[in-house]
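Novice: Below is the sequence, then the predicted model.
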Amino acid sequence: MITAELEKMLDVLGRLVSRDSVRTAPEEGKPFGPGPAAALEEALAIAEEMGFRTRNMENYCGWAEIGQGEEIIGIAAHLDVVPPGEGWDTDPFTMVRRGGRVYGRGVSDDKGGVTASLFAMKRLAESGRPLNKRVRLLLGTAEETGSECMEYYAAHGEPVSCGFTPDGSFPGIHGEKGGTSMTAFSKHTAIISMNGGFVTNAVCSRCVTEIPSGAVDEGALRTALARTDLAGSTVTEQDGILRIDARGTAAHASMPLAGVNAAGCTMRALADAGMKDDFVDFYNERIGTSCDGSGIGLKMADDWGELTLNNGIVKTEDGVISCTLDLRTPVTVTEEQIRAACAPFLEDDRGRIEIGAIGKPLFYPADSPLVQCLYRAYVEVTGDTENKPMVIGGGTYAKHVPGIIAFGCGFPGVDNHIHDANEFLDIDELERQTEIYVRAIENLLDI
Ligand SMILES: [Zn+2]
């Protein structure tokens with residue numbers, strides 16, 4: 001049943017969706033461009049209409065608050081969205097209601113999270129329950145592009161004591177693997193050029209490679225390519241150059257085995273077809289297609305998951321091939337352990353691998369009070385005891401806001417098409433998310 005309040009929630013969500021908040025070039029006073037700033041202004045206007053105290057922090061972020069007291073329970077949600085991309089059945093920036101669903105960019109990630117959090121706070125404020133702590137919704141505007149918004153909050157805002165970000169999954173994410181970036185470079189290679197991939201945090205799903213015709217037998221190459229997991233490939237010859245166009249399958253870098261790496265398969269096929277080349281050998285030995293870091297001494301795992309390695313972008317500049325590597329390291333592995341384990345494998349005569357940033361993992365034991373408070377709220381509302389708090393390879397605001405973990409707003413087993421065409425949210429889910437967040441805040445008020 002759609003109550004009057006649920007109608008109000010949908011109205012708020014529609015207003016937020018209508019502000020195209022994809023990050024663009026900075027403008028005066030708008031560090032992430034006009035779109036994210038407009039969405040922040042709208043969200044703060046909505047919060048004021050609901051009777052909350054608000055503050056805009058120079059268009060990096062803002063907050064809306066209820067309650068009194070020293071301590072702050074923080075809810076960190078984001079208003080920026082990823083570009084809509086192709087394939088929408090409706091206008092991505094006009095929220096459309098069909099059956100029991102609403103469609104639009106951000107209805108789930110994370111404007112739905114913002115809406116559920118705002119109304120959970122409203123219900124709490126209206127419940128008459130004395131609030132001995134403040135409850136503050138932090139509204140960020142650059143989560144999808146590096147979370148500078150929360151860095152800004154950390155530098156200029158009051159710290160929160162505990163809380164959550166409604167930007168992951170229920171029943172909560174108590175650990176996020178560390179993110180490490182590396183880049184591999186060729187030293188000498190007969191490959192004329194190799195280019196593929198668009199972003200470091202996705203599997204390189206298409207790769208075009210040019211090699212001298214004499215470097216390998218064309219028939220053997222075709223056979224070798226056909227033996228890989230590639231979705232398709234073509235080999236063409238012109239003016240003494242063999243051109244290989246390999247098509248793999250995209251996937252998020254935190255789950256590289258869900259995809260097929262076009263660059264990795266090409267390297268494998270070149271070797272299998274008999275090409276003798278320093279960088280082909282280096283790549284296959286050190287990076288390969290196993291995605292587990294075994295080639296550089298990093299095959300490691302703990303009780304919460306194993307290390308993953310993804311090659312995202314391959315490009316050739318001045319005859320040097322470079323490959324970006326995005327690694328997700330287990331939550332209990334330290335930077336020192338990573339450096340020590342891979343050191344012997346990073347360079348030889350054929351190629352080298354440079355370590356970029358080694359990011360810290362996030363980890364709260366599953367039985368910690370924060371994780372338990374949130375999990376209990378989920379169970380109380382849904383009755384679901386099958387799904388348990390989890391550890392993921394991705395990263396959320398929880399890494400940027402000390403004291404919080406990701407909690408919702410995605411439900412187990414539901415694919416809301418976030419970052420994809422036709423992103424949607426079930427209207428029932430919006431209501432359930434709000435109920436869970438009311439309980440969660442109540443539980444946090446009690447600790
Ligand atoms: Zn998000």
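Specialist: Looks like it came in fine.

Novice: what about A377, distance to S169?
Specialist: 14 Å (Cβ to Cβ, to the nearest Å). To be clear about C-beta, it is placed using only N, CA and C from the backbone, and glycine gets the same treatment.

Novice: Now the lengthiest helix in the chain: average pLDDT?
Specialist: In the chain, taking DSSP state H as the definition, the longest helix is helix 427-446. Taken as a whole, helix 427-446 has a mean pLDDT of 96.

Novice: Just the CA trace of that helix, in CSV.
Specialist: Provided in CSV are the C-alpha atoms of helix 427-446 (Å, rounded to 0.1, in the frame of the first residue of the first chain):
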residue,chain,number,x,y,z
ILE,A,427,8.8,1.4,-3.9
ASP,A,428,8.3,-1.3,-1.2
GLU,A,429,12.0,-1.3,-0.7
LEU,A,430,12.1,2.4,0.0
GLU,A,431,9.7,1.9,2.8
ARG,A,432,11.6,-1.1,4.2
GLN,A,433,14.9,0.8,4.0
THR,A,434,13.4,3.6,6.0
GLU,A,435,12.1,1.3,8.7
ILE,A,436,15.4,-0.4,9.0
TYR,A,437,17.2,2.9,9.3
VAL,A,438,14.8,4.1,12.0
ARG,A,439,15.7,0.9,14.0
ALA,A,440,19.4,1.3,13.3
ILE,A,441,19.5,4.8,14.6
GLU,A,442,17.5,3.8,17.7
ASN,A,443,20.0,1.0,18.3
LEU,A,444,22.9,3.4,17.9
LEU,A,445,21.3,5.9,20.3
ASP,A,446,21.4,3.2,22.9
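
Novice: who does that helix touch, helix- and strand-wise?
Specialist: helix 4-17, strand 72-78, helix 111-126, strand 162-165, helix 369-382 (3 or more Cβ pairs under 8 Å, 6 or more residues apart in numbering; DSSP states H and E).

Novice: Please convert those to CSV, extending it with distance to M255, mean neighbour count and mean pLDDT.
Specialist: Shown next, in CSV, are the helices and strands packed on helix 427-446 (distance: least, Cβ to Cβ, whole Å; neighbours: other Cβ atoms under 10 Å; pLDDT from 0 to 100):
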stretch, distance to M255, mean neighbour count, mean pLDDT
helix 4-17, 28, 18, 96
strand 72-78, 22, 28, 98
helix 111-126, 22, 25, 97
strand 162-165, 20, 27, 98
helix 369-382, 23, 20, 97
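
Novice: Which among the ones you listed is found nearest to the ion?
Specialist: The ion sits nearest to strand 72-78 of all the helices and strands packed on helix 427-446, at 5.6 Å, using Cβ to the ion.

Novice: May I see the helices and strands packed on helix 427-446 organised as a markdown table, with distance to the ion added?
Specialist: Formatted as a markdown table, those follow (distance: least, Cβ to the ion, whole Å):
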| stretch | distance to the ion |
| --- | --- |
| helix 4-17 | 13 |
| strand 72-78 | 6 |
| helix 111-126 | 7 |
| strand 162-165 | 8 |
| helix 369-382 | 18 |
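
Novice: Next, format those as TSV and append distance to S322.
Specialist: Output for the helices and strands packed on helix 427-446, formatted as TSV (distance: least, Cβ to Cβ, whole Å):
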stretch	distance to S322
helix 4-17	39
strand 72-78	31
helix 111-126	37
strand 162-165	34
helix 369-382	40
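
Novice: Any buried residues in the longest helix of the chain, and which?
Specialist: For helix 427-446, burial by neighbour count (16 or more other Cβ atoms under 10 Å) applies to 427, 429-445.

Novice: can you list contacts of the helix or strand encompassing S233?
Specialist: Under the criterion of DSSP states H and E, S233 resides in strand 232-238. Residues from elsewhere that reach strand 232-238, judged by Cβ atoms under 8 Å, 6 or more residues apart in numbering: 213, 218, 221-222, 225-226, 242-247, 265-266.

Novice: now the next helix or strand after it, how far from the chain's geometric center?
Specialist: Heading C-terminal from strand 232-238, the first helix or strand you meet, by DSSP H and E, is strand 241-247. Put simply, strand 241-247 sits 31 Å off its chain's centre (Cα atoms, centre = their mean, to the nearest Å).

Novice: Over to stretch 415-432?
Specialist: Using Cα atoms, centre = their mean, the offset of stretch 415-432 from its chain centre is 16 Å.

Novice: Without its sequence neighbours, what residue ends up closest to whichever residue of the stretch 151-300 of the chain sits closest to the ion?
Specialist: Of all residues in the stretch 151-300 of the chain, D167 sits closest to the ion, at 4.1 Å by Cβ to the ion. Distances taken as Cβ to Cβ, 6 or more residues apart in numbering put D110 closest to D167, at 4.7 Å, once the chain neighbours are dropped.

Novice: Which residues are in contact with the one you found?
Specialist: Counted by Cβ under 8 Å, 6+ apart, D110 has contacts A77, H78, L79, E143, P166, D167, C409.

Novice: Relative to A357, which of those residues is nearest.
Specialist: Distance to A357 across the contacts of D110 (Cβ to Cβ) is lowest for E143, with 18.1 Å.

Novice: Thank you kindly, that will do.
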